[in-house]
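**Q** Here is the input, now give the coordinates:
(one chain, ligands or ions: 1)
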Amino acid sequence: MKKLITFFIFLNFLSATAQGNLTITSSYPNNYFGNPLEIPMILSGTFGELRPNHFHAGLDIKTEQREGLNVLASANGYVSRIKISHWGYGKAIYVTHPNGYTTVYAHVQKFNDRIETYLKDHQYKKESFEIELFPLASDLPISKGEIIAFSGSTGGFSGPHLHFEIRDSKTEKTINPMLFGIEIADAKKPTIKTLIGYSLAENSHINGLAVPVQLSYRKLTNGDFIANKISAIGSIGFGINATDQLDGAYNENGIYSLEMLVNGTLVHEFKATSTAFSEGRYINLLIDFERYVKLNQRIQKCFIEPSNKLNMYYNSVNNGFITIEDGLDYTVDIVVKDFKGNTQKVTIPVYGKKEETVIAASTKTTPYKIIATDFQKFNIDGVTIAFPKNTFYNDFYLDFEVNNGVAKVHTPTVPISDRYTLTFDVSNYSEAEKEKLYIASIQKNGNSDYESTVKKENSFYTSTKTLGNFKLLSDHTAPKISLLNFNNNQWLTNLNTLQVKISDQGSGINTYRGEIDGEWILMEYSVKNKTLTYNFSDKNFIDAKHELKVIVTDYVGNTSTLNATFFRKK
Ligand SMILES: [Zn+2]
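**A** Below is the predicted model of the structure:
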């Protein structure tokens, strides 16, 4: 029997490999994957959409503002992964198919009975709500169209929707589900909202300016846009903010492709086809990051800087950098399309002309110059920052100050590729004070966020991808726990769930544990609602008196315990 299984796995491996090679030359299999919902497919998020520090990896399908809709398996296969987390995908299920692809269904409320039983069995064994499981192919086989889950809004803070992905099972690269023939109605063309010109070399300028210039444009009778003629010299580039609206959706989504042509020649092409999670951070090089941080607007650049290794670029001439020569005329066309091919174009006439007065971009110099390819370490007044090689994509002057205990590590306007270490010397604090201390990042609005703090004698440090202000804070307040849907000493025979509310001021909730009569119970933590919920369908606890105990700990170790008594009869 064992030999037979090995043989089948080998066969699967062979077909997966063949499929993988096929995809290089041919297109993705069409009509293999069915819709995961039984309602019309209306999206609140498209594949490749620009999100904070990542590209959206799938489709966000609207669920009519409701939860509990049937989620159907897109094709035959088996459950290869179940992941339950407080954040991100919430409750997510992965189904691996024999054709080399895996579909992912995230933010669901719960799974079907067969999968729930499998999952809860492991959660009770591990005594943890958060869990990640990789079932064997024989554990949970799935048929196409089978109800595998019910839609929800678990993880993060978004409203009810289903996040649906198609991945290459082997590489885990996510692929635009629309390439597999998943049909989304879309008759409207994309919109271009902002157009920016960039001077990309020392002596270049646009309209006499060396700083980014917002260009004005107007609509022609045929629906295309035309920009006012600009004068420029040297190496320049362009960027746009563009969105697309799908049928039946009021929200704005991402575009599918972006092309730039100079005098009719294609010099830049982006297509939201497929991406690896490891490429996510390149989004901060794809967009004008500084403008995004300052104005919360994403300008997609039509040029590719050397450190940008994103794989969603196709045809390119000189990486989209355009060289403008004195006395010559150029026509630059930027063409934006949605997946259905609806097109919006903007034409920018350019005249090559050396201007006399050029307002140059000002560069602030500081004693802390970052050489992106070097390891670097700086210290002021007991605060040390250490940047491993390639923490940043480019060289720049880092703004670093320490004032009244607040460490300013630049501003979040520079894209960061990886973590760096921020260390506070805490030798001035007593042992008792040190116990309650943690490193916090301070937001613009003055709110503080706990940064995972490692305490090593007189050095407290954090490893972070955040730039901005940091401070040592102390937390002397224990978490709060209160009963939500029942009172102490109550008969709860008609209740299906037990709910308590938990919160913490300061460092935030780190761990929680629920017990009934000394036995661990599965309490689902909703970060959004600040609730812990026990479902009596796990175990009924009838026959009279029971004791509930809930213990919650914050990040510096302050602990609260709630004890309550309840009664149930059958
Ligand atoms: Zn999503």
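**Q** Where does the residue of the chain found nearest the ion sit: helix, strand or coil?
**A** With Cβ to the ion, the shortest gap between the chain and the ion falls at residue 163, namely 3.4 Å. In this view, the C-beta of every residue, glycine as well, is placed from N, C-alpha and C. For residue 163, the assignment made with DSSP: H, G, I helix; E, B strand; the rest coil gives strand.
**Q** Not counting its neighbours along the chain, what's nearest it?
**A** residue 106 (3.9 Å; Cβ to Cβ, 6 or more residues apart in numbering).
**Q** any idea how far the helix or strand where residue 115 lies is from the chain center?
**A** Assigned by DSSP states H and E, residue 115 belongs to helix 113-126. From the chain centre to the centre of helix 113-126 is a distance of 28 Å (Cα atoms, centre = their mean, to the nearest Å).
**Q** for that helix, packing partners?
**A** Packing partners of helix 113-126 (3 or more Cβ pairs under 8 Å, 6 or more residues apart in numbering; DSSP states H and E): strand 77-84, strand 131-133.
**Q** Could you tell me the angle between it and strand 77-84?
**A** Calculated by axes from the mean of the first three to the mean of the last three Cα atoms, to 10 degrees, helix 113-126 forms an angle of 40 degrees with strand 77-84.
**Q** Flag every buried residue along helix 113-126.
**A** 115, 118, 119, 120, 123 (16 or more other Cβ atoms under 10 Å).
**Q** residue boundaries of the helices in this protein?
**A** With DSSP state H, the ranges of helices along the chain come out as 2-25, 113-126, 283-286, 289-295, 431-436.
**Q** Quick check: mean pLDDT of the fourth one?
**A** Just to be clear, that refers to helix 289-295. Mean pLDDT, computed over helix 289-295, is 93.
**Q** near the ion, which residues of the stretch 151-300 of the chain show up?
**A** Proximity of the stretch 151-300 of the chain to the ion, by Cβ under 5 Å from the ion, involves residues residue 163.
**Q** mind running it again at 8 Å?
**A** 158, 161, 163 (Cβ under 8 Å from the ion).
**Q** okay, how far is it across stretch 406-416, tip to tip?
**A** 21 Å (Cα to Cα, to the nearest Å).
**Q** Now do that stretch: everything it contacts.
**A** Stretch 406-416 has contacts (Cβ atoms under 8 Å, 6 or more residues apart in numbering) with 281, 284-285, 289-290, 293-294, 380, 383, 385, 391-393, 396, 398-402, 422, 424, 442, 465-471.
**Q** Show the contacting residues for residue 531.
**A** Applying Cβ under 8 Å, 6+ apart, the residues near residue 531 are 484, 499, 500, 501, 502, 525.
**Q** interface residues of this protein facing the ion?
**A** Counting by Cβ under 8 Å from the ion, the chain sits next to the ion at 45, 56, 57, 58, 59, 60, 106, 107, 158, 161, 163.
**Q** Could you give the number of residues near the residue lying closest to residue 563 once chain neighbours are set aside?
**A** Leaving aside its sequence neighbours, residue 563 sits nearest to residue 549 (Cβ to Cβ, 6+ apart; 5.4 Å). By the measure other Cβ atoms under 10 Å, the count of residues near residue 549 is 16.
**Q** before we move on, what about residue 486?
**A** With neighbours defined by other Cβ under 10 Å, the count for residue 486 comes to 17.
**Q** Check the one 4 residues further on too.
**A** The burial metric for residue 490, expressed as a neighbour count using other Cβ under 10 Å, is 15.
**Q** quick one, what contacts the closest residue to it other than its chain neighbours?
**A** Closest residue to residue 490 apart from its sequence neighbours, by Cβ to Cβ, 6+ apart: residue 566 at 5.8 Å. With contact taken as Cβ under 8 Å, 6+ apart, residue 566 is in contact with 486, 488, 489, 490, 491, 492, 498, 545, 546, 548.
**Q** Of these - the most surrounded one?
**A** Within the contacts of residue 566, most neighbours by other Cβ under 10 Å means residue 498, with 25 neighbours.
**Q** what pairs with the closest residue in space to it that isn't next to it in sequence across the strands?
**A** Excluding its sequence neighbours, the residue lying closest to residue 498 (Cβ to Cβ, 6+ apart) is residue 534, at 4.3 Å. When bridges are called by DSSP bridges, residue 534 pairs up with residue 498, residue 523.
**Q** wouldn't residue 102 be in contact with residue 94 here?
**A** Yes: taking Cβ atoms under 8 Å as the definition, residue 102 is a contact partner of residue 94 at 5.5 Å.
**Q** and for the two, which residues touch both?
**A** The contact lists of residue 102 and residue 94 share residue 80, where a contact means Cβ under 8 Å, 6+ apart.
**Q** The two - which one has more neighbours?
**A** Counted by other Cβ under 10 Å, residue 102 and residue 94 do not tie: residue 94 has more neighbours, with 23 against 19.
**Q** residue contacts, that one?
**A** Contacts of residue 94 (Cβ under 8 Å, 6+ apart): 79, 80, 81, 82, 83, 102, 103, 104.
**Q** What's the PyMOL syntax to select whichever of the residues you listed are buried?
**A** Typed into PyMOL, the line below selects the buried ones among these, using 16+ other Cβ under 10 Å:
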select buried, resi 79+80+82+83+102+103+104
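**Q** Could you dump the contacts of residue 94 into TSV with pLDDT added?
**A** Shown next, in TSV, are these (pLDDT from 0 to 100):
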residue	pLDDT
79	98
80	98
81	98
82	98
83	98
102	98
103	98
104	98
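**Q** Pull the contacting residues for residue 198.
**A** So residue 198 contacts 206, 212, 213, 236, 237, 238, 239, 288, 301, 303 (Cβ under 8 Å, 6+ apart).
**Q** what's the burial count for the fifth one?
**A** Taking other Cβ under 10 Å as the criterion, the count of residues near residue 237 is 25.
**Q** Look at it and report its pLDDT.
**A** For residue 237, pLDDT reads 98.
**Q** Who are the contact partners of the residue nearest to it when sequence neighbours are not counted?
**A** Using Cβ to Cβ, 6+ apart and skipping residues adjacent in sequence, the residue nearest residue 237 is residue 303, 3.6 Å away. Contacts for residue 303 (Cβ under 8 Å, 6+ apart) come out as 198, 200, 237, 238, 239, 268, 319, 320, 321.
**Q** If you tally nearby residues, what's the number for residue 500?
**A** Residue 500, neighbours per other Cβ under 10 Å, totals 23.
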